[in-house]
Each structure stands twice: as C-alpha cells, then as structure tokens.
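Visitor: build the 3D model from these lines:
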Amino acid sequence: VWTGEFEAGDFDQADTVFGSGGRLRDGNLTFVSATSTVDRLQFTQDKDAVLVSNSLVCLVANSKIQLDRCYPDYYQDFRSVVKGIDLVKLDVRTTSGNLKLCYFHNLVWTGKEIEQQEKPFTEHDFSTFELYSEFMFSSVKALLDNGRSQSRKHPFEPLGTVSTGYDSPTVAVLAAASGCKEAITFEAARGGDNDSGEHIADRLGMNCTVISRDDWQQQDFPEVSFLAGDAYGEEMHYACAGEMLSGRMLLTGFTGGQVWNKQIKNLGPNIARSDNSGLALTEYRLWQGFIHCPVPYIGARQVSAINKISKSSAMEPWDVPGNYNRPICRRMVEEEGVPREWFGQSKRATSVVLWNPDEVFLTEKSRADYNDSLNGLFWDFIKARRLHPAVRRYIRPVASALAWPLPRKVVKKRLPYLRKLTETDVDLFHNLFPWAVNRAVSKYK
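Guide: Sure thing, here's the model as predicted:
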C-alpha cells in the first residue's frame, strides 16, 4: 500500500509505501521495500541466479544458504538497524552462500546485476504544526484509500492499535479521521500494569478488541516466526491477535519516539532509533497475511523539521514536564477530545523480552525442540572455537565474579544475583535465530 492511486501502480516512485512489491518499468525490474526499518527485503546472488524475497526464511528455503548455528551475534547484527539506514549491517553471517538485506531503499535488477537504489524523497513544508498535521492526516487517508481500493483483488481494511502511551493513540486519531473503525489493544504491559487503550478507542468512535498479552504461550511454537524476523522476537504478543490481522493494514506507532519526542539525539534523515522494536513482525506478517504500516515513518526523514515544531512556542500548551513528553502527539489526541490524563502519563512496554527472568523463555514444546537442536551441536561449537550455550551460562557469572576484587561482604551480597544469572536463559537466547529459521523453513518447503 502507498500514498497514491492504486490504479496507477506507481509504488516504485512513491516515497511512502508499506509492504513490498515488484515493478517492471523501462526494462528494469524494481523490488520495492517498505518506507520503514521494521520491514525489509532479502537477496542472494551467485553465478547461476539472483533471488529476492520479502522473507528471509523463504530465501533460505529456496537457496544453498546455511546459517551459522554457532554464531551468537545475530541479534546484535539485526539490532544495528538502530544506527539508521546508512549504517545498518546488511550482510548476514552464513557458512554457505551469501545473504544480504535491504532496508528502506529499493533494489533494481538491470539484467546483469542487482543494485540498491535510494527511494524517492519529497521534501514537505513542516514549518508549523498545522502544516505537519495536515500532511499526516492527508497521507494516512491516501494510504487507507489505496489499501481499500475496490480495484484490488483483495482490498485491505485498516486495523488500528491503541495503548495508554503517546504513539498509538496518535496513530488511532489519524486512522479514525479516515474511517478506520476497528482497533486492538493489549490489556497489560510488561510487569502487569494496565495499558488498555479501550477507553481512548471508544472516545474516537472505534470498536476495540482487548487482547491478553500472554496468550501466545498457549500456542504451538509461537516464537518461531518472530525470532526468524530479527533474532529477538519481542513482538510475539501480536500472535494473540491471530486471525484479526489477516487481510488488514495494521497501523502502529513504531518509531514514534524517534519522530515525536521533544528530546531527540539523532536529527538526521538516517532514521536512527533507540531500539529495533517492530522488526520481529517482518516474517509473521507474511504468515498471517497483513501489511504493517508504522505511521510515524511517514515524513520521518524530515525529523529535524518535525522536532522544531515540538520545541516551538506554539506547542507550549501541550508541553508537559518530564522526559516522557511528545507535544505533537498530545495536541493531536487532545484536540480530538481525549482527556489529558488518559494517555502519555508514563512509559510502558508490552514487548516480550525472552531473556528477562520474569518472562517465559520459550513455551514447553519450543524449549524441548531447541534444547534437542543444541545438544547435537557440541562438536560444532568446539570446531568453531566457541563456548556451547549450556556451558557459557555457568562460566559467565563465575568469570564476572572473579573479575571484580571485591570485599567479602560485597561478594556475599552479589551471590544471589550471580546465582540468578545461571538460572536465566540469557546465554541460550543468543543462538535462537538459526534454530527458528531452520524450523520455519519447513513451512516454505
């Protein structure tokens, strides 16, 4: 879906597009990626063929690519996307074949080779809140009109998300203005705090379905597609929404903090972020059949101009004390009749952190299957001169303790913490990605 007429099919020339597609024009084939860093394209090239896919798993399943099952840094490599589109690591570690990523920009096949090509960039006038607000409302309407076009074989109806934070209520306001009538909300955040935005959705005239954050734990191998997306899987609570997502445009607020926060460190067009939240949906959305539309990315390359609005005197009535402060969001939402105290009061997170000792590491079936895969890799880890995760989990806390020449009283105080480290699964976490991809490959084969 993109901010243009569907019938024209000009998504290869659009500066706002979500999902992915291919366009043949003037003898060149352009593979179009999403205007975000929570989705991407993957490709591989050898002497016989070039393969391009919106699914890393599909590419592995249909090529000679073998991931390195002993490599512990896949998560860090994928997380490099927080540095921005010019600094993200694009080569994926393999033991056989080459695998490359393409974020945000497009890929062009000329008949001889495949090259990355920058997306079109249109600079807009964001000199005032009114101009930026008008741009966002019109862009979301154009996006929804495109997705709902009856010229499509399968039109996409929008589905909003709403919480008690800043970003998703802002997206819900933009979506509701263009006729989005449905939204989902997660009942509780990590730690159990109430995060339901049902009352906000109701005020905006949207029917809201409240979802339990932890219901994914009742499914069979629910972690696989999310871990295969970015080696982290923190969006696996979206598995609880299940069939509600199929055939929809899911409108989210991912990267809102980098665009709408008053205090932002990186103001360049590189779209640097503080985390890689949202990226775990890149494989799951294909399995479930929906297009992920993280709305804050619209116009985000002009974050410097947007931030000037946040700091302008015109926004002072919506400028609240504290670090959690997004004047643009507050103004947009409050002007739609949502009371100030209903949202943006404190930062909460619904994301799932598998290595957190307070979370379930893996469901029972997944844990057993993963352990079986690791048990057969001891010799592989030795040949790779790496510590097996089952060994590393005990060595690391001991090494940590020995590295600090601390008084006996301090050591005694640290012992419960060190013992807790051996009981958590942080070391098992770092080798989850190859397991998840190999398990997911069977879906494509």
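Visitor: what's the host helix or strand of Lys365 packed up against?
Guide: When secondary structure is defined using DSSP states H and E, the element that contains Lys365 is helix 364-375. Using 3 or more CB pairs under 8 Å, 6 or more residues apart in numbering; DSSP states H and E as the contact criterion, the neighbours of helix 364-375 among helices and strands are helix 432-444. To be clear about C-beta, it is placed using only N, CA and C from the backbone, and glycine gets the same treatment.
Visitor: what is the helix it packs on packed up against?
Guide: With contacts taken as 3+ CB pairs under 8 Å, 6+ apart, helix 432-444 sits against helix 56-61, strand 66-67, helix 74-79, helix 224-230, helix 364-375.
Visitor: how about the helix or strand following the longest one: buried residues?
Guide: The reference is to helix 364-375. Downstream of helix 364-375, the next assigned helix or strand under DSSP H and E is helix 378-383. Under the neighbour-count criterion of 16 or more other CB atoms under 10 Å, helix 378-383 has Phe381 buried.
Visitor: one more: stretch 258-278?
Guide: Of the residues in stretch 258-278, those buried by neighbour count under the rule 16+ other CB under 10 Å are 258-262, 264, 266, 269-273, 275-278.
Visitor: measure it end to end?
Guide: Stretch 258-278 has an end-to-end distance of 13 Å (criterion: CA to CA, to the nearest Å).
Visitor: with stretch 29-43 instead?
Guide: 14 Å.
Visitor: now that stretch: average pLDDT?
Guide: Averaging pLDDT along stretch 29-43 gives 97.
Visitor: check the offset of it from the chain's centre.
Guide: Per CA atoms, centre = their mean, to the nearest Å, the displacement of stretch 29-43 from the mean C-alpha position of its chain is 14 Å.
Visitor: swap in stretch 310-325?
Guide: With CA atoms, centre = their mean as the basis, stretch 310-325 stands 27 Å off its chain's centre.
Visitor: can you check stretch 376-386 too?
Guide: When C-alpha coordinates are averaged (CA atoms, centre = their mean), stretch 376-386 and its chain have centres 32 Å apart.
Visitor: for stretch 333-344, same thing?
Guide: That offset, for stretch 333-344, works out to 26 Å (CA atoms, centre = their mean).
Visitor: now, among the buried residues of stretch 258-278, which is nearest to Glu316?
Guide: For these, the closest approach to Glu316 (CB to CB) belongs to Lys262, at 11.3 Å.
Visitor: pick the most buried one from the helices and strands packed on helix 432-444.
Guide: Stretch with highest mean neighbour count among the helices and strands packed on helix 432-444: helix 224-230 (a mean of 29; mean count of other CB atoms under 10 Å).
Visitor: give me the contacts around it.
Guide: For helix 224-230, the surrounding residues in contact (CB atoms under 8 Å, 6 or more residues apart in numbering) are 56-57, 75, 78-79, 233-236, 238-239, 276, 279-284, 287, 366, 432-433, 435-437, 439-440.
Visitor: going through these, which ones are buried?
Guide: Of the members of the contacts of helix 224-230, the ones counted as buried by neighbours, 16+ other CB under 10 Å, are 56-57, 75, 78-79, 233-236, 238-239, 276, 279-284, 287, 366, 432-433, 435-437, 439-440.
Visitor: the stretch 101-250 of the chain: helices as residue ranges?
Guide: Listed in chain order, the helices of the stretch 101-250 of the chain (DSSP state H, counting those that start in this stretch) span residues 129-147, 167-176, 198-203, 224-230.
Visitor: for burial, what's the neighbour tally of the residue lying closest to Phe156 once chain neighbours are set aside?
Guide: With sequence-adjacent residues excluded and distances taken as CB to CB, 6 or more residues apart in numbering, Phe156 is closest to Gly147, at 3.8 Å. By the criterion of other CB atoms under 10 Å, Gly147 has 21 neighbours.
Visitor: enumerate every residue touching Val32.
Guide: Contact criterion CB under 8 Å, 6+ apart gives Phe11, Asp12, Val17, Ser20, Gly21, Gly22, Arg23, Asn106 as the residues in contact with Val32.
Visitor: tell me the SS of Phe43?
Guide: Recorded secondary structure, Phe43: strand (DSSP: H, G, I helix; E, B strand; the rest coil).
Visitor: CA atoms only for stretch 306-323 - export them in PDB, please.
Guide: Taking only C-alpha atoms (Å, rounded to 0.1, in the frame of the first residue of the first chain), the coordinates of stretch 306-323 have been written out as PDB:
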ATOM      1  CA  ILE A 306       9.300  17.900  13.000                       C
ATOM      2  CA  ASN A 307      11.400  18.400  16.100                       C
ATOM      3  CA  LYS A 308      11.400  22.100  15.700                       C
ATOM      4  CA  ILE A 309       7.700  22.000  15.800                       C
ATOM      5  CA  SER A 310       7.800  20.100  19.100                       C
ATOM      6  CA  LYS A 311      10.100  22.800  20.600                       C
ATOM      7  CA  SER A 312       8.200  25.800  19.200                       C
ATOM      8  CA  SER A 313       6.400  28.300  21.400                       C
ATOM      9  CA  ALA A 314       3.200  27.400  19.700                       C
ATOM     10  CA  MET A 315       3.300  24.000  21.300                       C
ATOM     11  CA  GLU A 316       3.800  25.200  24.900                       C
ATOM     12  CA  PRO A 317       0.200  24.400  26.000                       C
ATOM     13  CA  TRP A 318       0.900  20.800  25.100                       C
ATOM     14  CA  ASP A 319       4.400  20.700  26.500                       C
ATOM     15  CA  VAL A 320       4.400  18.800  29.800                       C
ATOM     16  CA  PRO A 321       7.200  18.400  32.400                       C
ATOM     17  CA  GLY A 322       9.400  15.300  32.400                       C
ATOM     18  CA  ASN A 323      11.300  13.200  29.900                       C
END
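Visitor: contacts made by that stretch with the rest, please.
Guide: In this structure, residues lying in contact with stretch 306-323 by CB under 8 Å, 6+ apart are 126, 128-129, 132, 259-264, 267, 299-300, 325-328, 330-331, 334, 344.
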